[in-house]
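S.K.: I need the structure of the sequence given here:
(one chain, ligands or ions: 1)
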Amino acid sequence: MDLDWSYFWSLFSMGVFWRACVTVVQLGSLAWGLGLVLGFFLACARISSTGWISALAGAYIWLFRSVPLLVLVVFVFNLPQIFPASRSVIGEPFFAGLLAMVLTEAAYMAEIHRGGLLSVARGQREAGRALAFGRLGAMRLIVVPQAFRIALPTLINEFVTIIKLTSLVSVISLPELLMTGLRLYSQNFLVMETLLGVAVYYVMLVTIFSTLLGWLEKRLDLQLRRPTTLDDAACTALRNSLGGPAALQPVIAAPGQPAALELRNIHKAYGAHQVLKGVNLKVGAGEVISIIGPSGSGKTSLIRTINALEKIDQGEVILFGESYIHAHESLDSSRVRNGIRRIGMAFQSFNLFPHLSVMDNVLLAPRYHGQPADGKLRQTRAQQLLDKVGLLAHQHKYPHQLSGGQQQRVAIARALAMAPDVMLFDEPTSALDPELVGEVLKVIQDLAQEGMTMVIVTHEMDFALAISDRVLFMENGLIQLDAAPQQIQQPDAPDSTTQRVRRFMGLES
Ligand SMILES: Nc1ncnc2c1ncn2[C@@H]1O[C@H](COP(=O)(O)OP(=O)(O)OP(=O)(O)O)[C@@H](O)[C@H]1O
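M.R.: Model prediction:
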């Protein structure tokens, strides 16, 4: 069978097809954009901890993924028979088609967003919480940007699907590409040539939009960014303009002043497993406390209760004489949030925000809290802190472009950016290669020398002895020994617990 090629080529100069292209693009883009937004809220509802909200969202997704789009399009278009008032809107084929597509796409996009949201590591939310972000703030600035990047390739694919699905709206006589072709070949009977032309129009639209969205995806791909490292001259010039590295302003111990931190009778269980069994601890301003002990003894659980990353079952945490966390009380109160702002934390796995540059990692919390209010001052302070941890030259890099030791130093600078009165370190060197441990310990040692109050969970025994005012040995959810390093280092230890700790620390066999 011979095709009428001159007719085929003439299809591309017909205004009616180009108008149909515009309709397809408008319908597809609106359905994609609205489905994207509605799908996001549905995904948030789906992962909500409130049972009925999650169930409602689940039911919506189940229903609209089950009903074929073609059926929904016809159904929506005929709704004015039941609700005449809706005729002015969905009596129009374009809006009826759009509504049906948005309802369906929202269900699909919700699952795509849910996948993205669940892929963001738990540590990211914890890092936000440790920087006193509210739930919404953490979601907006930390979780959603990462989830969106993860979901983007699938969302782009969905756009291509939607462009093709617009052809289904021809069933209610919307003059999109298929309907336009159909009307034409029902007059001239050149079915193959017309459908071939329609197919070429679709391929053209999909190609243009895939290229544009692919370009967007590349622009957002952090792996492809190549930030510059400042050379020595630029770094020195910048350092001089900053007036040197940041100096801390720690709370100085004074007679009669309350302890910087006090834990009273802290109990914590995971299910039936009692992990903390009544821990009492006082940390004076400027003191450095190291917590050591066998694996599973409750060290990490204890330090995480101090900045409300773990709820306590019994007891109280007091910060500079003010009661701040009580068992059974919400950890979302402004009192707790204000307390958290005074406490910085460095995590074992760093938990840097991978979508932000080093500089923006340090700036995120000060910007969020408006601390200090002046943006220029915030920037200067962030650069001074990066200088303090030896990373001024790397300020434009992203976390994946740094070594583990560098990442941990950025994490420390990020915590210091909130000018905390107390710093918590949860095994800060455990995830590092041995040759990178020293550079992080050096930063912590410098903080100790400047008088920062610190609680450090560590397996670095020599470091704990060298840096600490007191070393705590935890076992079975209790502090078994609270002693000065000099006392532990005495070879003729007075009691069996000290002897046991000396053996644990490798000081005697
Ligand atoms: N989220 C959790 N759910 C259930 N059990 C947990 C949870 N977190 C910790 N545990 C349990 O609590 C106990 C204490 O854990 P924790 O991490 O505080 O110990 P640790 O002394 O810090 O150990 P390590 O030195 O190995 O890090 C362990 O038995 C652990 O399995």
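S.K.: show me what counts as buried in the longest helix anywhere in the chain.
M.R.: When the chain is parsed with DSSP state H, its longest helix is helix 15-46. Within helix 15-46, the residues that count as buried by 16 or more other C-beta atoms under 10 Å are 17, 20-21, 23-25, 27-28, 30-32, 34-36, 38-40, 42-46. Backbone N, C-alpha and C define where each C-beta goes, glycine included.
S.K.: what's the first helix or strand after that helix?
M.R.: Downstream of helix 15-46, the next assigned helix or strand under DSSP states H and E is helix 51-66.
S.K.: got the CA coordinates for that next one in CSV?
M.R.: What follows is helix 51-66, C-alpha atoms only, in CSV (Å, rounded to 0.1, in the frame of the first residue of the first chain):
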residue,chain,number,x,y,z
GLY,A,51,-3.7,6.6,61.7
TRP,A,52,-6.9,8.0,60.2
ILE,A,53,-5.1,10.5,58.1
SER,A,54,-2.8,7.9,56.7
ALA,A,55,-5.7,5.5,56.1
LEU,A,56,-7.7,8.2,54.2
ALA,A,57,-4.7,9.0,52.0
GLY,A,58,-4.2,5.2,51.4
ALA,A,59,-7.8,4.8,50.4
TYR,A,60,-7.6,7.7,47.9
ILE,A,61,-4.5,6.3,46.3
TRP,A,62,-6.0,2.8,46.1
LEU,A,63,-9.2,4.1,44.6
PHE,A,64,-7.7,6.4,41.9
ARG,A,65,-5.0,4.0,40.9
SER,A,66,-7.7,1.3,40.4
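S.K.: and that helix, what does it pack onto?
M.R.: Counting contacts by 3 or more C-beta pairs under 8 Å, 6 or more residues apart in numbering; DSSP states H and E, helix 51-66 packs against helix 15-46, helix 93-119.
S.K.: now render those helices as TSV, adding mean pLDDT and distance to Gln223.
M.R.: Shown next, in TSV, are those (pLDDT from 0 to 100; distance: least, C-beta to C-beta, whole Å):
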stretch	mean pLDDT	distance to Gln223
helix 15-46	96	24
helix 93-119	96	16
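S.K.: nearest to Gly405, of the ones you listed?
M.R.: Among those, the nearest to Gly405 by C-beta to C-beta is helix 93-119 (26.5 Å).
S.K.: by how many degrees do the closest one and helix 51-66 diverge?
M.R.: Orientation of helix 93-119 against helix 51-66 (axes from the mean of the first three to the mean of the last three C-alpha atoms, to 10 degrees) gives an angle of 130 degrees.
S.K.: C-terminal to helix 93-119, what's the next element?
M.R.: Following helix 93-119 in sequence, per DSSP H and E, is helix 122-130.
S.K.: and the contacts of that next one?
M.R.: Residues from elsewhere that reach helix 122-130 (C-beta atoms under 8 Å, 6 or more residues apart in numbering): 137-138, 141-143, 146, 307-309, 340, 343-345, 347, 349, 351-353, 415.
S.K.: and the stretch 151-300 of the chain, which residues reach the ligand?
M.R.: Remark: the part of the stretch 151-300 of the chain in contact with the ligand comprises 270, 273, 275, 293, 295-300, using C-beta under 6 Å from any ligand atom.
S.K.: out of the residues you listed, which two sit at the greatest distance?
M.R.: The span of those, defined through C-beta to C-beta, is set by Tyr270 and Gly293 at 17.3 Å.
S.K.: for the two, indicate the residue with more neighbours.
M.R.: Applying other C-beta atoms under 10 Å to Tyr270 and Gly293 shows that Gly293 carries more neighbours, namely 23 against 9.
S.K.: how much space separates the closest residue in space to the more buried one that isn't next to it in sequence from Tyr202?
M.R.: Nearest non-adjacent residue to Gly293, counting by C-beta to C-beta, 6 or more residues apart in numbering: Met474, 3.6 Å away. Distance of Met474 to Tyr202, given as C-beta to C-beta, to the nearest Å: 66 Å.
S.K.: can you check Phe189 too?
M.R.: Distance, Phe189 to Tyr202, by C-beta to C-beta: 22 Å.
S.K.: with neighbour numbers in mind, choose between those two.
M.R.: Neighbours per residue, other C-beta under 10 Å: of Phe189 and Tyr202, the larger number sits with Tyr202, 19 against 8.
S.K.: my read: the more buried one touches Ile163, true?
M.R.: Yes: judged on C-beta atoms under 8 Å, Tyr202 makes contact with Ile163 at a distance of 7.1 Å.
S.K.: residue boundaries of the strands in this protein?
M.R.: 261-270, 273-283, 288-292, 314-319, 322-326, 343-346, 422-426, 453-457, 470-475, 478-483 (DSSP state E).
S.K.: determine how far the second one lies from the middle of the whole chain.
M.R.: Which is strand 273-283. Its chain's average C-alpha position is 30 Å from that of strand 273-283, according to C-alpha atoms, centre = their mean, to the nearest Å.
S.K.: roughly how far out does stretch 104-120 sit from the chain middle?
M.R.: Relative to the chain's own centre, stretch 104-120 is displaced by 16 Å; criterion: C-alpha atoms, centre = their mean.
S.K.: tell me which parts of the chain are close to the ligand?
M.R.: Counting by C-beta under 6 Å from any ligand atom, the positions of the chain adjacent to the ligand are 270, 273, 275, 293, 295-301.
S.K.: how about 5 Å then?
M.R.: The chain comes close to the ligand at residues 270, 275, 295-301, as judged by C-beta under 5 Å from any ligand atom.
S.K.: which residues touch the residue nearest to Leu34 when sequence neighbours are not counted?
M.R.: Setting aside the residues directly before and after it, Leu34 is nearest to Val102 in space (C-beta to C-beta, 6+ apart), at 4.6 Å. Shown in contact with Val102 (C-beta under 8 Å, 6+ apart): 30-31, 34-35, 38.
S.K.: if we use 6 Å, what do you get?
M.R.: Shown in contact with Val102 (C-beta atoms under 6 Å, 6 or more residues apart in numbering): 31, 34-35.
S.K.: next one: Val169
M.R.: 73, 97, 176.
S.K.: can I get the residues you listed in JSON lines including neighbour count and distance to Asp462?
M.R.: Compiled in JSON lines, these are given as follows (neighbours: other C-beta atoms under 10 Å; distance: C-beta to C-beta, whole Å):
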{"residue": "Val73", "neighbour count": "25", "distance to Asp462": "72"}
{"residue": "Gly97", "neighbour count": "29", "distance to Asp462": "71"}
{"residue": "Glu176", "neighbour count": "28", "distance to Asp462": "73"}
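S.K.: looking at those residues, which one is closest to Gly284?
M.R.: Comparing the contacts of Val169 against Gly284 with C-beta to C-beta picks out Gly97 as the nearest, at 69.9 Å.
S.K.: I'd guessed that closest one sits against Ser173; true?
M.R.: No: with contact defined as C-beta atoms under 6 Å, Gly97 does not reach Ser173; the gap is 10.1 Å.
S.K.: before we move on, back to that, from the residues of the chain next to the ligand, which land in helices?
M.R.: When DSSP H is applied, the residues of the chain next to the ligand are split such that 299-301 fall in helices.
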